[in-house]
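A.B. asks: Quick one, structure for this:
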Amino acid sequence: MIAAADINITKVEHSKLKDINLENIPFGKYFTDHMMEVDFEGGEWKNAEIKPYQPLLLAPSLAALHYGQAIFEGIKAYKNTEGEPYIFRPHDNFRRFNISAERMQMPQVPEELFMEGMRQLVELDKNWIPSQEDHSLYIRPFMFSSDEMIGVRPSENYKFMIILSPTGPYYSAPMRIYVEEKYVRAVPGGVGYAKAAGNYGAAMYATAEAKKIGYDQVLWTDAFEHKYVQECGTMNVFFIIGNTAITPDLGSGTILAGVTRESAITLLKEMGFNVEEKSLSIDDIIDAHKAGILYEVFGTGTAATISLIRELRYKDYVMSFDVDKWQTAPELKRQLNAIRYGQMADNHGWMYKV
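C.D. replies: Below you'll find the model as predicted:
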């Protein structure tokens, strides 16, 4: 078993940070000076190192490229008002990472390796954490099969890595969403609840088709009736109907258990809302809109945080919203940001000190 003390650290001679402006930085374009890399070989983790960010040398027969054994997580680090770095709910992401690993027949990553490796990496590159509002340091742990052979079976060898990317807002403006009726993101018994790389590749075609007609993303529906809403693009989704906040439940295994989703549920309850996790049909949503009680629709996710939806289209029925008059989603985002930036008490122990 690798201990935290066994992580070998090699620092860069000169930081790239002096050449990058961290204000209004696009999502996922720039990466920090260092990365973490660990090998799983012979049934154990070994060769743990934090080293300068660099390309990988991979064989064309790499199993991950052919059979898709690849998973990842998304986590964010912030600076509080004192300039100290904190990570938002990383233990929850660690647990979900290993749930994904189990589903994809990959080895479990030990908690100390995941958590302490991430902490040391963020500590090393903490100057890359932007201070601007809606900015953060995006943390991307990922694992992929590294056998160098062709053959459909779980690999014997894997790489676990963490890279860091300073980032601004993922969605900078309220979105227009198209309700998808043909293509599906996930089915019961599938891998929808896992953060598997293939889930995102499979979603790109439907998203591209929606963008052709002027929409930013799709609202996925169930695989059988195309009636019950699931995720919105890469986000969980919430509907404020009357004094109730409704989000699709996780029971069918087709929806990712979002960390921001769980945080939103907690804060919405504290704000006085009834929160229901249940199956919700597009017909119910349209009925609520026609009755004038569908007040807000928004997505939640690590990258997006809280993303407002200004238009929702199902077939030829368009639901438009005046997001400037909204109160719930903006207040939810304000509270989440205040906790993350140390401007509001962290009553739930969500912030992990680096």
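A.B. asks: From now on I want contacts and neighbour counts done on CA atoms only, so please keep to that.
C.D. replies: Noted.
A.B. asks: how about the residue located most distally from the centre of the chain, phi and psi?
C.D. replies: Largest separation from the mean C-alpha position in the chain: Ala291, at 33.5 Å (C-alpha atoms, centre = their mean). Per-residue torsions, Ala291: phi -80, psi -10 (degrees, to the nearest 10).
A.B. asks: who touches the closest residue to Ile129 other than its chain neighbours in this structure?
C.D. replies: Among residues not flanking Ile129 along the chain, Leu137 sits closest, at 5.0 Å (C-alpha to C-alpha, 6 or more residues apart in numbering). Applying C-alpha atoms under 8 Å, 6 or more residues apart in numbering to Leu137 gives the contacts 76-78, 128-130, 164-167.
A.B. asks: do the same with Ala223
C.D. replies: 184, 186-187.
A.B. asks: By neighbours, which of these wins?
C.D. replies: Within those, neighbour counts (other C-alpha atoms under 10 Å) peak at Ala186, which reaches 23 neighbours.
A.B. asks: Distance-wise, check that one relative to Ala304.
C.D. replies: 21 Å (C-alpha to C-alpha, to the nearest Å).
A.B. asks: Output the below-cut-off pLDDT ranges for the stretch 1-150 of the chain.
C.D. replies: Scanning the stretch 1-150 of the chain for pLDDT under 70 picks out 1-5.
A.B. asks: would you list every one of the helices in the stretch 151-300 of the chain?
C.D. replies: For the stretch 151-300 of the chain, the helices defined by DSSP state H, counting those that start in this stretch cover 197-212, 259-270, 282-290.
A.B. asks: Let me know which of those helices is the nearest to Leu62.
C.D. replies: Distance to Leu62, taken as C-alpha to C-alpha, is lowest for helix 197-212 among the helices of the stretch 151-300 of the chain, at 15.4 Å.
A.B. asks: starting at the chain centroid, how far to the closest one?
C.D. replies: 16 Å (C-alpha atoms, centre = their mean, to the nearest Å).
A.B. asks: just checking, what packs against it?
C.D. replies: On a contact count with 3 or more C-alpha pairs under 8 Å, 6 or more residues apart in numbering; DSSP states H and E, helix 197-212 meets strand 70-72, strand 217-221.
A.B. asks: hmm, back to that, wait, which of the helices of the stretch 151-300 of the chain is closest to Gln327?
C.D. replies: Per C-alpha to C-alpha, nearest to Gln327 of the helices of the stretch 151-300 of the chain: helix 259-270, 11.9 Å.
A.B. asks: who touches the closest one?
C.D. replies: Under C-alpha under 8 Å, 6+ apart, the answer for helix 259-270 is 89, 92-93, 236, 245, 274-275, 300-302, 305, 332.
A.B. asks: and which of those residues is nearest Leu124?
C.D. replies: Arg89 (19.5 Å).
A.B. asks: what about the closest one, how many neighbours?
C.D. replies: Neighbour count of Arg89, defined by other C-alpha under 10 Å: 20.
A.B. asks: swap in Lys195?
C.D. replies: 26.
A.B. asks: May I ask you to confirm that it is in contact with Asn93?
C.D. replies: No: with contact defined as C-alpha atoms under 8 Å, Lys195 does not reach Asn93; the gap is 10.3 Å.
A.B. asks: Spit out the residues that contact these two alike.
C.D. replies: Glu73.
A.B. asks: What is the three-state secondary structure of Tyr86?
C.D. replies: Using DSSP: H, G, I helix; E, B strand; the rest coil, the structure places Tyr86 in strand.
A.B. asks: Which residues are in contact with it?
C.D. replies: Applying C-alpha under 8 Å, 6+ apart, the residues near Tyr86 are 77-80, 340, 351-354.
A.B. asks: who are the neighbours of the strand or helix carrying Ala338, in terms of helices and strands?
C.D. replies: Ala338 belongs to helix 328-340 when assigned by DSSP states H and E. Helix 328-340 is packed against helix 259-270, strand 294-301, strand 305-314, with contacts defined by 3+ C-alpha pairs under 8 Å, 6+ apart.
A.B. asks: Dump the shortest one to CSV, restricted to CA.
C.D. replies: Put plainly, it is strand 294-301. The C-alpha coordinates for strand 294-301 follow below in CSV (Å, rounded to 0.1, in the frame of the first residue of the first chain):
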residue,chain,number,x,y,z
LEU,A,294,-43.3,26.6,-12.9
TYR,A,295,-41.2,29.4,-11.6
GLU,A,296,-37.6,28.3,-12.2
VAL,A,297,-35.6,25.6,-14.0
PHE,A,298,-31.8,25.3,-13.4
GLY,A,299,-29.0,22.8,-13.7
THR,A,300,-26.4,21.9,-11.1
GLY,A,301,-22.9,20.5,-11.5
